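In: from the sequence below, what's the structure:
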Amino acid sequence: MSPPPKPLPFISRPSATQTLTNSATPTLPRKLKPAILAISIALITATGAYYGASLKQEHQAKSTVRQRQESTLDERLERLRGMRARMEVERRGLVGKIEEVERRREGVVDVS
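Out: Presented below is the predicted three-dimensional model:
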């Protein structure tokens, strides 16, 4: 077995850790690393906010269901009466719009 060749004088020999880190991972340009870090942090923050909002919404839905289940008969009737009143107001508005459209259609037919 022959001894290893001697390195040339103008080439420095890298250490074992430098060889592993330089050859195993590609290097990124210096300006690109902060941008990737900022995008990563923003993405993690947005994901956390979305997940937190969905948990809050789920909790509110469960508490609403629980409140409805625990409400008394009088409270349920009052809530239904309120819903009916809102629906009647909406119905009156829709009926008015329908009548107005029919009047316009009749007016257009009469002109022709």
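
In: name the SS class of Ser63, please.
Out: helix (DSSP: H, G, I helix; E, B strand; the rest coil).

In: give me the pLDDT for it.
Out: Per-residue confidence (pLDDT) for Ser63: 94.

In: one more: the one 5 residues further on?
Out: Reading off the confidence values, Arg68 has pLDDT 85.

In: what segments of this structure are helices?
Out: 16-24, 32-70, 73-111 (DSSP state H).

In: out of the ones you listed, flag the one nearest Pro4.
Out: Closest of the helices of the chain to Pro4 is helix 16-24, at 14.9 Å (criterion: C-beta to C-beta). The way it works is simple: take the backbone N, C-alpha and C, and place the C-beta from them, glycine included.

In: in a markdown table: the helices of the chain, plus distance to Pro5 and mean neighbour count.
Out: Formatted as a markdown table, those follow (distance: least, C-beta to C-beta, whole Å; neighbours: other C-beta atoms under 10 Å):
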| stretch | distance to Pro5 | mean neighbour count |
| --- | --- | --- |
| helix 16-24 | 17 | 10 |
| helix 32-70 | 37 | 10 |
| helix 73-111 | 90 | 10 |
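
In: dump these into a markdown table; add distance to Pro4 as well.
Out: Formatted as a markdown table, the helices of the chain follow (distance: least, C-beta to C-beta, whole Å):
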| stretch | distance to Pro4 |
| --- | --- |
| helix 16-24 | 15 |
| helix 32-70 | 37 |
| helix 73-111 | 88 |
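
In: check contacts around Ser71.
Out: Arg79 (C-beta atoms under 8 Å, 6 or more residues apart in numbering).
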